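>>> okay, predicted coordinates and the sequence, questions at the end:
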Amino acid sequence: MTPDEFVALLRDHWPRTLAALDPAAREQLASALRKLADSTEPQAAQAAMRGLRRVLRDLPDEHPVTRALRDGVRFAGSVDAPLLDRQPLLALLGSLQGPPPLDPVRARLLAAPSLPAAGIGAAAGDPRLIRLRHPELGDRYPRFQFEEGTDRPLPVVGVINRLLMADRDPWGAADWWLGGNSWLGGVPADLLGSVPDEELALAARELVEGD
């Protein structure tokens, strides 16, 4: 893969990439892209690409950019040819101004009713609860995790969140709760209280053990 092809891939998955990076990593990404855009010598461009690799190495394993980095990015062609097309790079740099865009899945999950950390008292920080990071509002806890009208976590939610490893993958756990589930015939979060807790836990266990 050439640098131009890599930049095109990065552009195609830009919202998903930015959503996976914290503010410090986005600043480092902007610096690496700027150095790449300003490079006029192969050595400088290669150093900038190494900087990009360092910033993006913590992306999830299944991310298309991660797979491309594993395959390698190589410079090729005539020494008299331009190193790379700078216009796509400048467009990416321009989009880094302001809050990062959300990928559609995370946007959907953050749109569900939720509570701030200040609204759940001692439960804030409990690793058994799903905590989602909103780019503007900070930490949010999906509302379904608590007894109606209270800040008390539902015991079954803690049990299932442990099965789903919500402390390591809160977005995946939230997607299980807030997405359709063919095994249960509905959205798990909507079925709390109407479907036995044991059946909800069994559905989550089937997912985990099936993987």
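Structure received.

>>> average model confidence for stretch 140-160?
Mean per-residue pLDDT for stretch 140-160: 93.

>>> if you could redo that for stretch 192-203, that was the one I meant.
For stretch 192-203, mean pLDDT is 94.

>>> tell me where the model's unsure across this structure.
For the chain, the stretches flagged by pLDDT under 70 are 1, 72-83, 97-102, 210-211.

>>> what packs against the lengthiest strand in it?
Secondary structure of the chain per DSSP state E: the longest strand is strand 138-142. On a contact count with 3 or more C-beta pairs under 8 Å, 6 or more residues apart in numbering; DSSP states H and E, strand 138-142 meets strand 114-116, strand 132-134, helix 170-178. Where you see a C-beta, it was placed from the backbone N, CA and C, and this is true even at glycine.

>>> among the ones you listed, which comes closest to residue 105?
Proximity of the helices and strands packed on strand 138-142 to residue 105 was assessed by C-beta to C-beta; the nearest stretch is helix 170-178, lying at 6.5 Å.

>>> hmm, who's touching that closest one?
105-106, 108-109, 112, 130-132, 142, 144, 160-161, 164-166, 187-189, 204, 207 (C-beta atoms under 8 Å, 6 or more residues apart in numbering).

>>> and the chain, what are its domains?
Following automatic domain parsing, the chain resolves into domains at 3-95, 104-210.

>>> follow-up on the earlier one: which among the contacts of helix 170-178 count as buried?
Buried members of those, scored by 16 or more other C-beta atoms under 10 Å, are 105-106, 109, 130-132, 142, 144, 160-161, 164, 166, 188-189, 204.

>>> give me every residue that touches the nearest residue to residue 7 once chain neighbours are set aside.
Distance criterion C-beta to C-beta, 6 or more residues apart in numbering; nearest residue to residue 7, sequence neighbours excluded, is residue 88 at 5.0 Å. Residues in contact with residue 88, defined by C-beta under 8 Å, 6+ apart, are 4, 7-8, 11.

>>> next: residue 129.
Residue 129 touches 120, 123, 141, 145, 153, 157-158, 161, 166, counting by C-beta under 8 Å, 6+ apart.

>>> what about it, which SS state?
Three-state assignment for residue 129 (DSSP: H, G, I helix; E, B strand; the rest coil): coil.

>>> distance of it from residue 158?
Using C-beta to C-beta, to the nearest Å, we find residue 129 at a distance of 7 Å from residue 158.

>>> residue 121 too?
16 Å.

>>> looking at the two, which is more packed in?
Set residue 121 next to residue 158 and count neighbours by other C-beta atoms under 10 Å: residue 158 wins out with 16 against 10.
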